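Peer 1: Return a 3D structure for these sequence lines:
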Amino acid sequence: MEQLGQIIKKLKINVLSIEDVPNSFSSTVYRVEQINKEIVYLKIPYSNLKLIREYEAIEILSEALPVPKLLEYWEGDDNIPGAMLLSELKGQPITGNVSEVLAYDIGVHHAKMHNVTPQEGNSFKGISNVYEQWSTFMKSHFYGFAEDVKEVIQEDLLKKSIELFEEQRKCLPHSDGPSFIHMDFRPANIIIQDNKVSGIIDFESARFGSTEMDFTKINRDIFTKNSGTLEAYKKGYQSIRPLIDLEVILPFYRFTDAFNSLGWCKRRGIEKHQQFFDENLVILKSILQSER
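Peer 2: Purely as a prediction, here's the structure:
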């Protein structure tokens, strides 16, 4: 609470009330009602790099997509990674069923995001362009998490996972990009109002890279749970830009997402994220079983 008080003072927030925002796994986020009754969001990222990425992403996307406005910013110190104050987007994160109408609009907005490309002469401290080294990035991403995963799953599951990764990655189509990719595009980060997308949030993992890695979580959380949404999403997306062959890439990224999520849980504390760990372990075992 002492750190929170310090951040509030640094950002000069006139707090009337403050409450935690749920489902924010990589950052601490507070919903703040100010004395003037204005609602804002205080975000304290997990690291200073994530703070910088969020700051740069808002700047990059501000003309292409409905994203929060940056109201105040503090770069942090030796004890606190920094913080930012963001405007409120009207609406709520997706929490229930998704209609085909909404899925179409999600596709439109996702494609608009992917249409944002790195501009010559622009350089960023946080958002890197990994497109030209996409294969290397993808491998380092997987094997980086494998160092954590090997401590929490059986040795035979780890061995089979690595074998499947090496086998399937060679069959992927040519990379699609360079595009701005969210890297955590899921219902909790899609704000909706009146069954339409009113905003996109949480860009602390963003990169410029291949679009292929950006469909996994909406496939897991929307397409597989809501009939007709995949086709509606495709139509919306293709109204803006061509779409990579999802039938080819989704099985591979569904597998790597489940595997990497186990490593993420190990890093952040399995006891704190036990349900998420268990869900992904079930998915991973199911995939490996089906590959026999």
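
Peer 1: so where do the helices sit in the protein?
Peer 2: With helices called from DSSP state H, the chain shows them at 2-10, 48-61, 100-114, 134-149, 155-169, 216-218, 229-238, 246-268, 274-290.

Peer 1: so which of those helices comes closest to Leu42?
Peer 2: Among those, the nearest to Leu42 by C-beta to C-beta is helix 2-10 (7.0 Å). C-beta coordinates here come from the backbone N, C-alpha and C atoms, glycine included.

Peer 1: Find the centremost residue of this protein, please.
Peer 2: Asp184 (1.2 Å; C-alpha atoms, centre = their mean).

Peer 1: any idea how far Pro242 is from the nearest residue to that residue once chain neighbours are set aside?
Peer 2: Closest residue to Asp184 in three dimensions, ignoring its sequence neighbours and counting by C-beta to C-beta, 6 or more residues apart in numbering: Ser205, at 5.1 Å. Distance, Ser205 to Pro242, by C-beta to C-beta, to the nearest Å: 24 Å.

Peer 1: So for those two, which residue has more residues nearby?
Peer 2: Ser205 (16 against 10; other C-beta atoms under 10 Å).

Peer 1: Contacts only, for the residue nearest to the centre of the chain.
Peer 2: Ser26, Asp202, Glu204, Ser205, Lys217 (C-beta atoms under 8 Å, 6 or more residues apart in numbering).

Peer 1: So for it, what's the pLDDT?
Peer 2: Per-residue confidence at Asp184 stands at 93 (pLDDT).

Peer 1: separation between it and Phe203?
Peer 2: From Asp184 to Phe203 the distance is 8 Å (C-beta to C-beta).

Peer 1: Go through the helix or strand of the chain with the lowest mean pLDDT and flag the buried ones.
Peer 2: Least confident helix or strand, the chain: helix 2-10 with a mean of 88, by mean pLDDT, DSSP states H and E. Neighbour counts over helix 2-10 (16 or more other C-beta atoms under 10 Å) mark Leu4, Ile7, Ile8, Lys10 as buried.

Peer 1: need the contact list for the last one.
Peer 2: Applying C-beta under 8 Å, 6+ apart, one finds that Lys10 lies in contact with Trp74, Ala83.

Peer 1: Equivalent analysis for Thr211, please.
Peer 2: Contacts of Thr211 by C-beta under 8 Å, 6+ apart are His114, Asp176, Gly177, Ser179, Ile181, Ile244.

Peer 1: of the helices of the chain, which approaches Ile191 most closely?
Peer 2: Here helix 100-114 is closest among the helices of the chain (C-beta to C-beta), at 10.3 Å.

Peer 1: Looking at the record's assignment, how would you partition the chain?
Peer 2: 2-88, 93-290 (automatic domain parsing).

Peer 1: okay, now the residue nearest to Val248 when sequence neighbours are not counted: neighbour count?
Peer 2: Distances taken as C-beta to C-beta, 6+ apart place Pro173 nearest to Val248, at 5.7 Å, with adjacent residues excluded. Burial measure for Pro173: 11 neighbouring residues, criterion other C-beta under 10 Å.

Peer 1: so how far is Cys265 from Pro173?
Peer 2: In terms of C-beta to C-beta, Pro173 sits 30 Å off from Cys265.

Peer 1: cool, Val282 as well?
Peer 2: 13 Å.

Peer 1: And those two? Which one has more around it.
Peer 2: A side-by-side neighbour count of Val282 and Cys265, using other C-beta under 10 Å, places Cys265 first with 25 against 11.

Peer 1: Run through the stretch 151-292 of the chain and note the low-pLDDT ranges.
Peer 2: 291-292 (pLDDT under 70).

Peer 1: distance of Pro178 from Ser286?
Peer 2: 33 Å.

Peer 1: right, and Val101 touches Ala232 too?
Peer 2: Yes. At 7.3 Å, Val101 counts as touching Ala232 under the criterion of C-beta atoms under 8 Å.
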